[in-house]
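> got a predicted structure here, sequence first:
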Amino acid sequence: MNSRLLIFTILLEAILIISCERITPRVPADDQILDGPIEGLTSAEKTRFLAGDVAFNDEIFTSETGLGSVFVATSCGSCHAGDGKGTLFTTLTRFGQSDDTGNKFLHLGGPQLQNRAIPGYTPESIPAGATFSRFTPPANTGLGFIEMVTDADILAMADPSDADKDGISGVPNYGDLPSFLNPLPNAVPKNGRYIHRFGKKAAAYSLLHQTVNAYSQDIGISSSFAPFDVYSGLEIDPEISTLTINNVVFYLQTLKAPIQRDQNDPQVKQGKQTFIELGCESCHKQTLKTGPSQIFALSNKTFHAYTDLLLHEMGGGLDDGYTEGSAKTSEWRTPPLWGLGLSPNSQGGQYFLMHDGRARSIEQAIEMHGGEATGSKNRFKQLAQSEQADLIKFLKSL
Amino acid sequence: MLTIFGPALYGQTDTSFFFTRVKQDSSKLKLNMDAVYNRPFLQMGKLPVSLGGYLEANSSYFSTDGISEGLSFQLPRLTMFMSASIRQRIKFMTEIEFEEGGREINIEFAALDLEFNPLFNLRGGVIMNPIGSFNQNHDGPKWEFVSRPISSTTIIPSTWSNVGFGLFGKYSKKNWVWAYEAYLSNGFDDKIINNNQNRTWFPASKANRERFEESFNGVPLKTLKMAIKHRKIAEIGVSWMGGVYNKFRDDGLVLDKKRPLNFIALDINSTILKDTYLNGEWVWAYVDVPDTYIQQFGSRQQGGFLDIVQPIKKGKMLGWSESVLNIALRLEYADYNVGNFQELGLRIADHVYALVPAISFRPSAQTVVRANYRYERRTDLLRNPASQTAGFQFGFSTYF
């Protein structure tokens, strides 16, 4: 009897071990997570993607490795958890610019508030008289596609003087290129300034631009591109290698686009129809395409980001009195809506939408639309409840 | 080394070729604090030195959210002890650990004990701070699970030993024993809030080898423990460890205020219902983190574990006359950041739970072959959907 028990337990053990694959957690479906590379990368490209992934998500900076002395967070992944949107906790504050004549508070720590400091240092505070805005981290997915939309395509969507009289204009944010950036060969500059496209105000030209600024302004890490200490303003040695920065940029370029779920659900289909009818698409453009790219998998692709990458006047409610580049304080870049349904997975199970996370649900976000979007917002409010529900369901499928 | 110990390994009797097994005091009044000496030792001829040690080896297969790195094998530690009775009531004991295949060599313990009176002993050297029970009683062969408890290795950074000295003593009467320990030692440094774990992380101070030479800030770490045991009921321990972790002055210049850290731990072990063994530990840790620093680095942590071990068969098995087969279960938890977000008012998560059912087989008391399943849920700071890790571990641990 007892030896049978022994044999039984040993057998049980063996079965358990053999069935490893069964009783370990399952891989979440590809359309449920934001992380992961785009399709069609070569092995060498996958290796670079992984190197960038590690630097972006796992490299935590300490005072020994250059953190600060003043900073906002200790790693890219702390704010962009799972490559998704952030929350009020990871929100950053910018201050000191109220029109297109530039930031008047650069000498007082502008444009970005470093509200944390390593022990022994004092964090910055917003100087008296400076207007400011809070920015909640956007998702980092599919940015490689967005980077490769040609200037010509962006300009074709712009309508600065509202020639078609639909109440919606849309202008690019033109900015000066920092010295470490080279414009793309097909760029269409205006008076020596270039079309910028990343960030809430579209004030960053490219993913390299955004990444260099993030290391410097968010974490206090100097690089060969921006060799300055955020605290003292003095030129210092790079605290991160150029290779790592390039790998992180490559990672951002090759992060896959969010995959839509429940595409064929009748409610979702109906909601999409409503989205188009309400005129949301005038800004949240469904389909864009990339131009030529050095990364083959990104060349000449169509994709569905639901943005036009242009600035729109969004009304007084969203005007914080702060701006960047040539944007007005009430203008915001249309954010891509892809990945919207997965936002709660990185926002602690909740929604924090619009530029500073003030909208706690998709409905609230729509109701906060003003300015050029007033018409479509009003049409949304007039919808029957079931039609609204269809629209929300569609947005959550993205 | 192994060849020297060879005969002892094979001859599981009390005597062998030229080694003698040192007789163990088998009274049930042993406490966790006695663990350092409560180990099998071998004596060589008439030499005054006894030797011992233990080895752990295991393999594991884990998968996190469906992604596995495959099967891997580890030799987490090989530990050697040496003890000597220098004269009556003067003892020396050292424990040297080779971790991860010899990449790290640590002196876990190396102390001289002078007994003036059972209630009054002086200990000096590299001591194991008596916080909780696991730190002092950490030998692999004593446990039925492949991994060490999470809270005892990541909140209490076991094995946590430091240079220091102090007093300990014991008083026993009939079925009762009462004991205390009180030490001053070197301690923590500011790595606990400046590390690449992105959270308050006490084990980060272990990387600082200089703590064996000098204190980081000149303030000693104080550790106090009191334990009481009834032979038939339970052993209960209460301990406190407190100090200052930052460099508040350097070269006479004041840099900051003194920033304290404190640990309070409770431990209990008992045998109930004839032969069901329970063993648990709970710890609370408090750190003064500057307000201007980032909330990822929390100022409060807590966690603990409970092990339940049930022998299901004792006696002769597979030719070993005194073997035991156990089933066991460990429940464990660690919260690295107890508190609320300033910006959100919501509770900060950053915690982990684990459930570990296990089977262990002991051909003799000194050797354990064990296998367990492990299911672990980790929730990040923001309370995003938890990552799940599960898998199997198999291994053995033996004194030699």
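Sure thing, it's come through. Numbers count the residues shown, from 1 in each chain, chains lettered A, B, ... in the order given.
> state the distance from the residue lying closest to residue A:321 once chain neighbours are set aside to residue A:96.
Leaving aside its chain neighbours, residue A:321 sits nearest to residue A:131 (3.7 Å; criterion: Cβ to Cβ, 6 or more residues apart in numbering or on different chains). C-beta: built from backbone N, CA, C; applies to glycine. When distance is defined by Cβ to Cβ, to the nearest Å, residue A:131 is 8 Å away from residue A:96.
> out of the two, which sits in the busier spot?
Neighbour tally, residue A:131 and residue A:96, criterion other Cβ atoms under 10 Å in any protein chain shown: the higher count belongs to residue A:96, 23 against 18.
> is it true that the more buried one touches residue A:127?
Yes: here residue A:96 reaches residue A:127: they are 7.5 Å apart, a contact under Cβ atoms under 8 Å.
> joint contacts of the two?
Common neighbours of residue A:96 and residue A:127 are listed as A:105, A:108, A:110 (criterion: Cβ atoms under 8 Å, 6 or more residues apart in numbering or on different chains).
> now that we have those residues, which one has the most neighbours?
That'd be residue A:110 among these, by other Cβ under 10 Å, with 21 neighbours.
> pLDDT at that residue, what is it?
pLDDT for residue A:110: 86.
> go on, residue B:392?
Looking at residue B:392, its pLDDT is 91.
> ok, now which ones touch the residue of chain A found nearest chain B?
Proximity of chain A to chain B (Cβ to the nearest Cβ) peaks at residue A:27, 2.9 Å away. For residue A:27, the contacting residues are B:65, B:66, B:67, by Cβ under 8 Å, 6+ apart.
> which among the residues you listed end up buried?
Among the contacts of residue A:27, the ones that count as buried by 16 or more other Cβ atoms under 10 Å in any protein chain shown are residue B:65.
> now, the contacts of residue A:27 that are in strands?
Within the contacts of residue A:27, residues falling in strands by DSSP state E are residue B:67.
> residue 375 in helix, strand or coil?
With no chain named, the answer covers chain A. Classification of residue A:375 using DSSP: H, G, I helix; E, B strand; the rest coil returns helix.
> correction: the question concerned chain B.
Look at residue B:375: counting by three-state DSSP, its state is strand.
> for it, give me its contacts.
Residue B:375 sits next to B:354, B:355, B:356, B:388, B:389, B:390 when contact means Cβ under 8 Å, 6+ apart.
> among those residues, which are in strands?
B:354, B:355, B:356, B:388, B:389, B:390.
> can you narrow those residues to ones near chain A?
With the criterion set as Cβ under 8 Å from any Cβ of the partner chain, the members of these near chain A are B:388, B:389, B:390.
> that older thread, would you write a ChimeraX line that selects the buried entries of the contacts of residue B:375?
In ChimeraX syntax, the buried subset of these is picked out as below (16+ other Cβ under 10 Å):
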select /B:354,356,388,389,390
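> show me what contacts residue 110?
Picked chain A for this. Counted by Cβ under 8 Å, 6+ apart, residue A:110 has contacts A:94, A:95, A:96, A:97, A:103, A:104, A:127, A:130.
> actually it's chain B I care about, not the one you picked
B:93, B:94, B:95, B:96, B:125, B:126.
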